[in-house]
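[1] build the 3D model from these lines:
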Amino acid sequence: MQPEASAEPADLGPRLVNDAAQSHERRSGEPPHRRLRIFTSDPVASRLEGGTAVALVPYEPLAIEQRQQGSKRYSCLCGSVFEICMIDADDRPLEPPLLDEAMQLLQDGYAPSESNPRFHAQMVYAVASKVHAAFRQALGREPGWSFSHGPQPARLRIYPLGAAEENAWYDPDAGELRMGYFERPDTGWVITALSHDIVAHELTHALLDSQRPHFMEPTSFDVPGFHEGFADLVALFQHFQYPDSLVKALQKTRSVIVSRSPDEVASDWLCCIARQFGQADGADSLRRADRSPKQLAYAEELEEHDMGEVLMSAVFDAFDTVFRRRTARLRRLATAGSGLLPLGELSPDLLHSLAEEAAALALQFTAVVVRAIDYCPPADIQLGEFLRAMITADSELRPDDPWALREALIDAFRVRHILPRGVFSLSEDSLLWSPPRVELPLLPRLSFASTRFGSAPGRPIPLVERQDQARALGRWLALPQVMSECGLVPAGNTEMDGQKVSVGRLSIDALETTRRVTGDGEVQFETVAVVTQEVRVPKQGRKPGFSFVGGCTLLFSPEGRLRLAISKSVAGHERLQRRREFITGDSAVAGRYWHSVQGVMQLRSQWSRLMHAPRRPAPPSPEAAAAVAAA
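    Here you go, the predicted structure:
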């Protein structure tokens, strides 16, 4: 963070110091999409069952630029927000994909291939672009990135063959994705850049980090689990955006997505995450979205991927419930009112109608999940708080809720024991975030009437304008009644839970305008601000020192009136104690990320890489297995 002048009561965070990268604005005469061939799952999926597809990727001009790494020069495929870096883990330069060549445009890019690095890059670029577009649509604005590479707007660097190991990860400090590759004696090579789910999952980590950087910090069992489950959900709902593959998946299971009775068969293609990667370690997939509450429910000390699987299964359970509600009338029409499908193959018309409903619902759930970020506190997210965020976000755009989507979400979270703190009951009205308790003064500088927009609302406001608005917001937050209502604490030394601590200055981490379309087709505008402050807890005897972050998410109307203040106060009930117990405890999750450096708890180096490192040993080689058997 870079502090402003001492006269200002708040600092400006990195996103308000540097311009954010923006997606390409389509010009007159440009096509809306670029057609690129991809794997819809990974190389193990049969082409005859929809394992490949042509992805409609938002069009943008592409360029091949040169980069230097040590003594090696290599090429990058560069768009508006991504750089696809063509150099492998052994520093060998690779040939870049020439996607603007006439031959590649005519044949929808390179053919799907496990051995062609140009296709690897094409696959990564296509999937990343589609996920980025889904975030833009759901948020109603440009996501940007949380990192900076200098004065120019930063692009995310993606290395399709970036690590010779069983891993793939997002590095928030370097601003890059590293896709790994590895070999198994019985399954051959696994290239994570060819896994649709892994690419979408890692790109989602980067996009979530762009909106809530402190969610990357493992400050409780829920936080890394939330990051994993959220990323899996976005990847999972992308499965539904390939019509031919979706029809074939529904045809195979007679329209069943999640099995709810002995005579139903679940769709592996729609329920599984990273099948090839999981099969390399002897499982059917890396994770599944159809875990029942009896198989996996919330428990505080779950490993982060298991915690993420609980979240993913809860949301996907709700998705399947609503899908069955929305398609019941189609089944009745196709069966003369009985709803019981006949034996044999389903009619093509019914299958295509079911697929259209599933695809539309997946888009709606993606929007609910992503839009909920704006209704989350800025740090230390809990799964129960994410439920409240989803319920509030959806109720504001679809108050009528014709298919009881919110009811389905609440029920799915309840049966998995995901219970938010501090609510009277799990009814919808209890879960909604509450408006301010007192009438607060308007903040005219955030009103749309006084905002100097760039091209349009929903596109980033010019940096100088955003900085001026952020300073006005900081001064408004310094008003005593505002600071109290937003759960903020004056900077300086104070006492919490019986211990002297140092409370940092306020930081305005984000200030964005959004444009969203309601269920009735109306356009809503608002401003979203993220405010944080850090508390430093000194070492006390044998108790190590540490720090933690709190703050609030603020949503303003176009008139500059505060509508919602979603607070996670640093002075909240037992926050200091809960943080100390987690990072200094003996759990495997905490020990993987935190260690003591001269009496102060700090994150380990490359901690984001550790998040996706294998948790179990690799299967033994045939020679080792034979030696064990002989012994």
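[2] elements contacting the helix or strand harbouring L233?
    According to DSSP states H and E, L233 maps onto helix 222-238. In terms of contacts (3 or more Cβ pairs under 8 Å, 6 or more residues apart in numbering; DSSP states H and E), helix 222-238 is packed against helix 117-139, helix 196-211, strand 272-273, helix 304-334, helix 348-371, helix 383-397. No exception for glycine: its C-beta is placed from N, CA and C like everyone else's.
[3] how about these in TSV, adding mean pLDDT and mean neighbour count?
    Formatted as TSV, these follow (pLDDT from 0 to 100; neighbours: other Cβ atoms under 10 Å):
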stretch	mean pLDDT	mean neighbour count
helix 117-139	97	24
helix 196-211	96	26
strand 272-273	93	24
helix 304-334	96	21
helix 348-371	96	19
helix 383-397	97	23
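[4] columns distance to A174 on top of these, output as JSON lines?
    Converted to JSON lines, those look like this (distance: least, Cβ to Cβ, whole Å):
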{"stretch": "helix 117-139", "distance to A174": "16"}
{"stretch": "helix 196-211", "distance to A174": "11"}
{"stretch": "strand 272-273", "distance to A174": "25"}
{"stretch": "helix 304-334", "distance to A174": "21"}
{"stretch": "helix 348-371", "distance to A174": "24"}
{"stretch": "helix 383-397", "distance to A174": "28"}
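[5] just the CA atoms of the helix holding L233, as CSV, please.
    Output of helix 222-238 as CSV, limited to C-alpha atoms (Å, rounded to 0.1, in the frame of the first residue of the first chain):
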residue,chain,number,x,y,z
ASP,A,222,-12.9,-21.6,5.8
VAL,A,223,-10.8,-19.2,3.7
PRO,A,224,-8.7,-21.5,1.6
GLY,A,225,-11.7,-23.9,1.4
PHE,A,226,-13.8,-21.1,0.0
HIS,A,227,-11.2,-20.2,-2.6
GLU,A,228,-11.1,-23.8,-3.7
GLY,A,229,-14.8,-24.4,-3.8
PHE,A,230,-15.5,-21.0,-5.5
ALA,A,231,-13.0,-21.8,-8.2
ASP,A,232,-14.4,-25.3,-8.7
LEU,A,233,-17.9,-23.9,-9.0
VAL,A,234,-17.0,-21.5,-11.8
ALA,A,235,-15.2,-24.3,-13.6
LEU,A,236,-18.1,-26.7,-13.2
PHE,A,237,-20.7,-24.3,-14.5
GLN,A,238,-18.6,-23.8,-17.6
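[6] relative orientation of that helix and helix 117-139 in degrees?
    Using axes from the mean of the first three to the mean of the last three Cα atoms, to 10 degrees, the inter-axis angle of helix 222-238 relative to helix 117-139 is 110 degrees.
[7] show residues contacting the following helix or strand past helix 222-238.
    Moving toward the C-terminus from helix 222-238, the first helix or strand encountered (DSSP H and E) is helix 243-252. Residues outside helix 243-252 that contact it (Cβ atoms under 8 Å, 6 or more residues apart in numbering): 40, 49-51, 53, 239-240, 256-257, 267, 269-270, 345-346, 351-352, 354-355, 358-359.
[8] quick check, L554 in a strand?
    Yes: L554 forms part of a strand when assessed by DSSP: H, G, I helix; E, B strand; the rest coil.
[9] that one and G585, how far apart?
    33 Å (Cβ to Cβ, to the nearest Å).
[10] show the pLDDT at S455.
    Note on S455: pLDDT of 68.
[11] swap in P3?
    For P3, the predicted pLDDT is 44.
[12] pLDDT (mean, whole number) over stretch 98-106?
    The average pLDDT within stretch 98-106 is 94.
[13] begin at 43 from here
    All right, first residue 43 from here; so that's stretch 140-148.
[14] hey, C-alpha coordinates of it in CSV?
    Output in CSV follows, covering the C-alpha atoms of stretch 140-148 (Å, rounded to 0.1, in the frame of the first residue of the first chain):
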residue,chain,number,x,y,z
LEU,A,140,-0.6,-17.8,-35.0
LEU,A,141,-4.3,-17.5,-34.4
ASP,A,142,-4.7,-14.6,-36.9
GLU,A,143,-3.3,-16.6,-39.8
ALA,A,144,-5.9,-17.2,-42.5
MET,A,145,-5.5,-21.0,-42.3
GLN,A,146,-6.1,-21.0,-38.5
LEU,A,147,-9.1,-18.6,-38.9
LEU,A,148,-10.6,-20.9,-41.5
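[15] start to end distance for stretch 476-494?
    Counting by Cα to Cα, to the nearest Å, you get 30 Å between the two ends of stretch 476-494.
[16] hmm, who's touching that stretch?
    499, 503-504, 507, 510-511, 514-515, 518, 521, 523-524, 527, 555, 567, 569, 598, 600-607.
[17] flag the shaky bits of the stretch 543-673 of the chain, pLDDT-wise.
    For the stretch 543-673 of the chain, residues meeting the criterion pLDDT under 70 lie at 656-673.
[18] oh, I was asking about the stretch 43-192 of the chain
    Under the criterion pLDDT under 70, the flagged ranges of the stretch 43-192 of the chain are 43-48.
[19] for it, just list every one of the helices.
    Applying DSSP state H, counting those that start in this stretch to the stretch 43-192 of the chain gives helices spanning 144-148, 159-181.
[20] only the C-alpha atoms, please, for the last one, written as PDB.
    Going back to what we said before, that points to helix 159-181. Below are the C-alpha coordinates for helix 159-181, written out as PDB (Å, rounded to 0.1, in the frame of the first residue of the first chain):
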ATOM      1  CA  PRO A 159       2.400 -26.700 -27.700                       C
ATOM      2  CA  ARG A 160       0.600 -24.300 -30.000                       C
ATOM      3  CA  PHE A 161      -2.700 -26.000 -29.200                       C
ATOM      4  CA  HIS A 162      -1.800 -26.000 -25.500                       C
ATOM      5  CA  ALA A 163      -1.600 -22.200 -25.700                       C
ATOM      6  CA  GLN A 164      -4.800 -22.000 -27.700                       C
ATOM      7  CA  MET A 165      -6.600 -24.100 -25.100                       C
ATOM      8  CA  VAL A 166      -5.400 -22.000 -22.200                       C
ATOM      9  CA  TYR A 167      -6.300 -18.700 -24.000                       C
ATOM     10  CA  ALA A 168      -9.800 -19.800 -25.100                       C
ATOM     11  CA  VAL A 169     -10.800 -21.100 -21.600                       C
ATOM     12  CA  ALA A 170      -9.300 -18.200 -19.800                       C
ATOM     13  CA  SER A 171     -11.100 -15.700 -22.100                       C
ATOM     14  CA  LYS A 172     -14.500 -17.400 -21.600                       C
ATOM     15  CA  VAL A 173     -14.100 -17.400 -17.800                       C
ATOM     16  CA  HIS A 174     -13.000 -13.800 -17.800                       C
ATOM     17  CA  ALA A 175     -16.000 -12.800 -19.900                       C
ATOM     18  CA  ALA A 176     -18.300 -14.700 -17.500                       C
ATOM     19  CA  PHE A 177     -16.900 -12.600 -14.600                       C
ATOM     20  CA  ARG A 178     -17.300  -9.300 -16.600                       C
ATOM     21  CA  GLN A 179     -20.900 -10.100 -17.300                       C
ATOM     22  CA  ALA A 180     -21.800 -11.200 -13.700                       C
ATOM     23  CA  LEU A 181     -20.000  -8.300 -12.000                       C
END
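[21] alright, I will stop here.
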